[in-house]
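**Q** turn this into a structure:
(2 chains)
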Amino acid sequence: MTRLDRRLEGVTPATILRDGGVEDMTADVIDRTAAVPGGSISILEGGAGRPLLVLHPAGGAGAWMPYHEMLAQHFRVIAPDSPGFGRSAQIESVEGVDDLAFLYADLIAKMGLQDPMVLGFSFGGWVAAELAVLAPELISRLVLVDAIGLRVPGAPIADQFAMGPQEKIAALFHDPAAAADLFPENPDLDTLTAFYRDETAFARYAWSPFCCNPKLAKRLYRISAPTLVLWGGDDRLVPLSHGEKYAAMIPDAELQVIPDAGHAVLMERPKEAVQAIVRFLER
Amino acid sequence: MRFNLFHLMPYPYLPDDFDENYTSASLILPNSVYDPTLGAALFNRYLDELEYAEKLGFDSVCVNEHHQSAYGLMPSPNIVLAALARRTSTIGLGVLGNAIAIRDHPLRVAEEVAMLDAISGGRVISGFVRGIGFEYYAQSISPTKSLARFREAHDLIIKAWTTREPFQWVSDNYEFRYVNVWPRTVQQPHPPIWVPGTGSYETMKWVAEHRYNYLSVYAPSRVIKGWFDGFRRAAAECGYTPEPEQIGLSIPIYVAETDAKAHEEGRQHVEWLYRRGLKITQQLYFPAGYMTEKSWRGLVSAGAKQFFELSYEELLEQGYAIVGSPATVREKLKALESYLGFGNLCAVLQIGDMPFDRTIRSMELFASEVMPAFERSGAAHRPALEPVG
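**A** Numbering: from 1, shown residues only, chains lettered A, B, ... in the order given. Just a heads-up that it's a prediction; the model follows:
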């Protein structure tokens, strides 16, 4: 069993697979490392066709999840771990989400991706939005899923740093009971350490200003790619008003809401969410 | 032995249903719990206790910094020392410490400590701390920057105290184009510096390299033994053997006339301190990035209970507090002294919800019947100037 297989075994709970409708995983997933300025990052890649860069949320890097698999039926999915997350080591010079935007602009060029589409989920959505603002000409389509990154007066993002595991599950999912299997009941030290590493990376990028770049909103006008803003209808972490603001301020954007889904919509309703994304990207 | 009275200034008037319905005494405990009238009386009562320490012959009084907390009411410990500087004349004034990593402006600390040193005639002990995890939520400072900010702020403050002309400071977290601190500290080159550690060898090494005093925080005696041994090892690597006074034990102590009385009275106060005052969720106490991955693994794999999960019996047995008659306290302190090896005691004598009369009596018994059993060594930080006023 390869290292990647072991990872996959650990992160594909039966409930998600059932719910997602993917019974067996067929894509040939490549596990690779790419050099970037200051270090290197890990990348999972699977599927064929037009390139789709998939940027992970704060929790869930380094895993090929059912939604990756479903997307890989249609596109060449490239899923990197941002420095500090998953299997990518922290890079000293990559301190903020602005640095990540530069990193991914470089990576797109370096990998020679032609007219890539970019999908960012939660924290990854913030990174994707910054990337699209920095280098609008690089990106052919943009998908933001329950993205953080904006400040909306009166609708703060909930403080997941302060939440215990149970509170976090309750905040992430519309139906926390169905998601219980995602988190092992008695995690071993390595699993706990992996969580701590991811949280530490997230604290590095998003503690203050909290989960946002106060200047991002006024720069969204630069995004030229047609954009889908996809939101869980019951997102208790990042209020829907954040999605409405993204959709209102990005010139060519539409908002779609998946009902009965929480913040972690791509894990909780992968089938519906991926269907909406594929429809948009193949349009 | 150097004897310091360490005061935390807790807010003892918690709601009756605190144990059942509140997860934390810090950060998220609403300040509606705080009664301004009771609080005003409390501050003045605590200052009375601190002033009384001079009459009892303690070498210094020590206070610390916490924010948004019933555990400690001193977001600005320097204000407490300012109140004491003019009401005392010989006792050392320790701040253990200023939480320099969470201050936006470390030079403000350099200035305030210099003012205190001037007003007190050179009696200040300047401790530096990183602050507990929850302070990083309260001050919106990423815990991932804690260590770097601590080191940079320290270097900046020391340079500001020891440089005799304006200079420019640029580091990752701070930029000051004009550093030229007025007033200067009375103690030269600067006040003594004490730094607590929580077991990281990096910190032990750093403290040993600077020849500062290394202090423990609440922990079982067997754990502290490892820390102090580590500090001695770190000092040895720097080529010296630390003076006993360079190693400090912080510990709550309650003295009453008999063991039975001490336990009968002391139990609730020790329980208040650990089971209420220090009640907090793990996420708030150890936010992501506050410690290195290695330290975090060590903490988790040790499987230690959190403070508030420990019973009174466990707390005493493990060495989180000393409770007893003067003879018992003498004996336990002597045993700890020879087991751990330290010459600097930060005794928390006002514990949790302990009322004034018990605090005063415990202080008196400690001063008259415990302290004389030890050879005193508190001369190292005598005031630099003759008492003023």
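**Q** the longest helix seen in chain A near chain B anywhere?
**A** With DSSP state H setting the assignment, residue counts place helix A:189-206 as the longest helix in chain A. Yes: Helix A:189-206 lies in contact with chain B when judged by Cβ under 8 Å from any Cβ of the partner chain; the contacting residues are A:189, A:192-193, A:196-197, A:199-200, A:202-204. C-beta: built from backbone N, CA, C; applies to glycine.
**Q** give me the ChimeraX select line for those residues, limited to the buried ones.
**A** A single ChimeraX command is used to select the members of the residues of helix A:189-206 next to chain B judged buried by 16 or more other Cβ atoms under 10 Å in any protein chain shown:
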select /A:192,193,196,197,199,200,202,203,204
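**Q** now, which of the residues of helix A:189-206 next to chain B sits nearest A:Leu55?
**A** Top of the list for closeness to A:Leu55, among the residues of helix A:189-206 next to chain B and by Cβ to Cβ, is A:Phe202 at 13.3 Å.
**Q** doesn't A:Ser122 make contact with the closest one?
**A** No: look at A:Phe202 against A:Ser122 with Cβ atoms under 8 Å: they stay out of range, at 10.0 Å.
**Q** which neighbours do the two share?
**A** Taking Cβ atoms under 8 Å, 6 or more residues apart in numbering or on different chains as the contact rule, A:Phe202 and A:Ser122 both touch A:Ala58.
**Q** so what touches the longest helix of chain A?
**A** Outside of helix A:189-206, the residues within contact range by Cβ under 8 Å, 6+ apart are A:10, A:58-59, A:61, A:82-86, A:90, A:95-97, A:100, A:123, A:126, A:148, A:161, A:184, A:187, B:142-144, B:287-289, B:293, B:296-297, B:300-301.
**Q** give me the mean pLDDT for it.
**A** For helix A:189-206, the per-residue pLDDT values average out at 95.
**Q** swap in stretch B:258-277?
**A** The average pLDDT for stretch B:258-277 rounds to 98.
**Q** in that stretch, what's buried?
**A** Neighbour counts using 16+ other Cβ under 10 Å place B:262-263, B:265-277 of stretch B:258-277 among the buried residues.
**Q** same deal with stretch B:311-327?
**A** B:312, B:315-316, B:318-326.
**Q** and whichever helix or strand B:Asp117 is part of, what does it pack against?
**A** Here B:Asp117, judged by DSSP states H and E, is contained in helix B:106-119. Helix B:106-119 sits against helix B:77-85, strand B:92-98, strand B:124-128, helix B:146-162, with contacts defined as 3 or more Cβ pairs under 8 Å, 6 or more residues apart in numbering or on different chains; DSSP states H and E.
**Q** which of those sits closest to chain A?
**A** For chain A, the closest of the helices and strands packed on helix B:106-119 is helix B:146-162, at 10.2 Å, according to Cβ to the nearest Cβ.
**Q** check whether the closest one contacts chain A.
**A** No: for helix B:146-162, no contact with chain A is found by Cβ under 8 Å from any Cβ; the gap never falls below 10.2 Å.
**Q** relative to A:Pro156, how far out is A:Leu230?
**A** Using Cβ to Cβ, to the nearest Å, A:Leu230 is found at 21 Å from A:Pro156.
**Q** who has more neighbours, the two?
**A** For A:Leu230 versus A:Pro156, the count of surrounding residues by other Cβ atoms under 10 Å in any protein chain shown is larger for A:Leu230: 27 against 14.
**Q** looks to me like that one is in a strand.
**A** Yes: A:Leu230 sits within a strand when classified using DSSP: H, G, I helix; E, B strand; the rest coil.
**Q** residues in a beta bridge with it, which ones?
**A** Under the criterion DSSP bridges, A:Leu230 forms beta bridges with A:Val145, A:Gln256.
**Q** for residue 83, which non-adjacent residue is spatially closest?
**A** Let's take chain A. When the adjacent residues along the chain are set aside, A:Pro83 lies closest to A:Ile91, with 4.1 Å between them (Cβ to Cβ, 6 or more residues apart in numbering or on different chains).
**Q** not quite, I wanted chain B
**A** Spatially, and ignoring its direct neighbours in sequence, B:Ala83 is nearest to B:Leu47 (5.7 Å; Cβ to Cβ, 6+ apart).
**Q** remind me which residues of chain B are low pLDDT?
**A** Judged by pLDDT under 70, chain B has its weakly predicted residues at B:378-389.
**Q** as a check, name the ranges of all strands in it.
**A** Counting by DSSP state E, chain B forms strands over residues B:2-6, B:60-63, B:92-98, B:124-128, B:167-170, B:175-179, B:193-196, B:213-215, B:247-255, B:322-324, B:344-348, given from the N-terminal end onward.
**Q** quickly note the distance from B:Tyr254 to chain A.
**A** Per Cβ to the nearest Cβ, to the nearest Å, B:Tyr254 is found 33 Å from chain A.
**Q** give the contact list for that residue.
**A** With contacts defined as Cβ under 8 Å, 6+ apart, B:Tyr254 is in contact with B:262, B:265-266, B:269-270, B:321-324, B:349, B:351, B:354, B:358, B:362.
**Q** chain A: which of those is nearest?
**A** Using Cβ to the nearest Cβ, B:Val270 is the member of those that lies nearest chain A, at 26.7 Å.
**Q** who are the packing partners of the longest helix that chain B contains?
**A** Selection of the longest helix in chain B by residue count, based on DSSP H, yields helix B:36-56. Of the remaining helices and strands, those touching helix B:36-56 by 3+ Cβ pairs under 8 Å, 6+ apart are strand B:2-6, strand B:60-63, helix B:77-85, helix B:356-365.
**Q** same thing but 6 Å
**A** In terms of contact count using 3 or more Cβ pairs under 6 Å, 6 or more residues apart in numbering or on different chains; DSSP states H and E, helix B:36-56 is assigned the packing partners helix B:356-365.
**Q** so what touches the helix it packs on?
**A** Contact partners of helix B:356-365, identified using Cβ atoms under 6 Å, 6 or more residues apart in numbering or on different chains, comprise B:45, B:49, B:56, B:254-255, B:326, B:349-350.
**Q** pull the number of nearby residues for the residue nearest to B:Ala83.
**A** Taking other Cβ under 10 Å as the criterion, the count of residues near B:Leu47 is 17.
**Q** returning to that earlier point: mind giving me the PyMOL command for buried ones among the contacts of helix A:189-206?
**A** To isolate the buried subset of the contacts of helix A:189-206 in PyMOL, counting by 16+ other Cβ under 10 Å, use the following:
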select buried, (chain A and resi 58+59+61+82+83+84+85+86+90+95+97+100+123+126+148+161) or (chain B and resi 142+143+144+287+288+289+296+297)
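**Q** what about the contacts of helix A:189-206, which are in helices?
**A** The subset of those located in helices under the criterion DSSP H comprises A:10, A:97, A:100, A:123, A:126, B:293, B:296-297, B:300-301.
**Q** now stretch A:118-130: how far from the chain's centre is it?
**A** 6 Å (Cα atoms, centre = their mean, to the nearest Å).
**Q** ok, residue 49 - contacts?
**A** If you meant another chain, say so; for now it's chain A. Shown in contact with A:Gly49 (Cβ under 6 Å, 6+ apart): A:75-76.
**Q** actually it's chain B I care about, not the one you picked
**A** Residues touching B:Glu49, when contacts are defined by Cβ under 6 Å, 6+ apart, comprise B:350, B:359.
**Q** the same query, at a cut-off of 8 Å, please.
**A** Contacts of B:Glu49 were listed using Cβ under 8 Å, 6+ apart, and they are B:5, B:7, B:350, B:356, B:359-360, B:363.
**Q** mark which of these are buried, thanks.
**A** Among those, those classed as buried by neighbour count (16+ other Cβ under 10 Å) are B:5, B:7, B:350, B:359-360, B:363.
**Q** tell me the two of the residues you listed that are most distant?
**A** Pairwise distances across these (Cβ to Cβ) peak at 12.8 Å, for the pair B:His7 and B:Ile360.
**Q** which bits of the stretch 201-350 of chain B sit near chain A?
**A** B:281-284, B:287-289, B:293, B:296-297, B:300-301.
**Q** residues from chain A in reach of chain B?
**A** A:159, A:161-164, A:189, A:192-193, A:196-197, A:199-200, A:202-204, A:207-208, A:210.
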